[in-house]
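S.K.: Need a 3D model of the sequence below.
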Amino acid sequence: MSEATTERPPEPDWPAMTDEELLTYREAENRFRASSAARALLGEPDPGATIDWRQVALTDREIPVRVYRPAAARDGHGTERAELPLVLHVHGGSFVGTAVQCDWANSHLAARLPALVVSVEHRLLGPETPLPDVVDDGWDVLRHVVWHASQWGIDPARTAVFGESCGALISALAAIRAREAGLMLKAQVLVNPAVDVTETMFDYASIDEFGYSPTRAVPQLRVFQRLSVPPRTDARALSPLYADDLSRLAPALVVVPTQDAVADHGRRYAERLQAAGTPARLTEYPGARHAFLTLPGVEQQAEAARAEILGFLRASLAT
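M.R.: A predicted model of the protein is given here:
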């Protein structure tokens, strides 16, 4: 992405924002997130990982992915030393966001696990792009990389999904699809997950407590819901919280910052996984805000959460 400007746009008037204003804001905000100026907030990449953009060519479209690979995975001649586990990552933001904003965490996981981390630069929610399209991008990239494991240098038997916010919703749905397709994932990591886009999305105590402080989350969540679920869309089918069967899924780590409007989404989802017999560990980070893992420059608990995710994935993806 170009760094033509590093000035961050002002927060829009969410309830009054037009479709055109959404697209203008998205372009400016993502330009900022991809700039060097944003590193003070988003953190510096781990020097032990290489970072590249690739295109995943599907039958009907191409999807950019940001690929993090441990530098030590290559020998002196640039040849892959061994098959790596795969971590399929989906960034948060829903109608705004880019894989670049997650360089700090993803490069660290690639270097320290070690693993190949593939972050999906999925289509963003918009007037012509509802949530089913975005969900398909995550699943289709996961399936493509696993099916072409030798081309990516990965061991398909050691695969995990990892997402934040809306990306956690996409990852949770990918884990359900993987079970149905016979793709046996080793783990799923869901950070500040928003897992309910039905009419009950706002019926939680955490929404009441943190909907407007420390950030104005509710107006953004209403935009998220409106774009996700256009008329005649089955919102329950897009809400992992209401999935009919959550049994036999990959073990989950659910990371919940407590000062987050959707904190109860994560809590309830962990409870539902456990009730279905799927191993699920819920960890709460007191005082942390939504998207805290992507903001190590201002969120003190980001480092601890990254360390916990690393430990969980290391144990789950062990040979």
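S.K.: Assign the residue positioned nearest the centre of the chain to helix, strand or coil.
M.R.: Centroid-nearest residue in the chain, with CA atoms, centre = their mean: G163, separated by 2.5 Å. Classification of G163 by DSSP: H, G, I helix; E, B strand; the rest coil places it in strand.
S.K.: ok, now which ones touch it?
M.R.: Contacts for G163 (CB atoms under 8 Å, 6 or more residues apart in numbering) come out as 89-92, 138, 169-172, 189-191, 193. C-beta: built from backbone N, CA, C; applies to glycine.
S.K.: quick one: average pLDDT of the host helix or strand of A157?
M.R.: Element membership for A157 (DSSP states H and E) is strand 154-164. Taken as a whole, strand 154-164 has a mean pLDDT of 98.
S.K.: Tell me which of the contacts of G163 fall in helices.
M.R.: The helices, defined by DSSP state H, take in 138, 169-172 from the contacts of G163.
S.K.: For the residues you listed, which entry has the maximal number of neighbours?
M.R.: L169 (33 neighbours; other CB atoms under 10 Å).
S.K.: Name all residues that make contact with that residue.
M.R.: Contacts of L169 (CB under 8 Å, 6+ apart): 135, 163, 193-195, 197, 238-240.
S.K.: Enumerate every residue touching T294.
M.R.: 42, 91-92, 101-102, 104-105, 164, 302.
S.K.: for whatever helix or strand P286 lives in, which positions count as buried?
M.R.: Using DSSP H and E, P286 maps to strand 280-289. Neighbour counts using 16 or more other CB atoms under 10 Å place 280, 282-283, 285, 288-289 of strand 280-289 among the buried residues.
S.K.: okay, the residues you listed in TSV with pLDDT and distance to I309 next?
M.R.: Shown next, in TSV, are the buried residues of strand 280-289 (pLDDT from 0 to 100; distance: CB to CB, whole Å):
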residue	pLDDT	distance to I309
A280	98	14
L282	98	14
T283	98	10
Y285	98	12
A288	98	14
R289	97	17
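S.K.: And those residues, which two are furthest apart?
M.R.: Using CB to CB, the buried residues of strand 280-289 span at most 22.7 Å, a distance reached by A280 and R289.
S.K.: How is S107 assigned, secondary-structure-wise?
M.R.: Under three-state DSSP, S107 comes out as helix.
S.K.: tally of neighbours for it?
M.R.: 24.
S.K.: got a list of what it touches?
M.R.: By CB under 8 Å, 6+ apart, the neighbours of S107 are 45-46, 48-49, 51, 68, 117.
S.K.: And the pLDDT for it?
M.R.: 98.
S.K.: The one 10 residues further on now?
M.R.: Reported pLDDT at V117 in the predicted model: 98.
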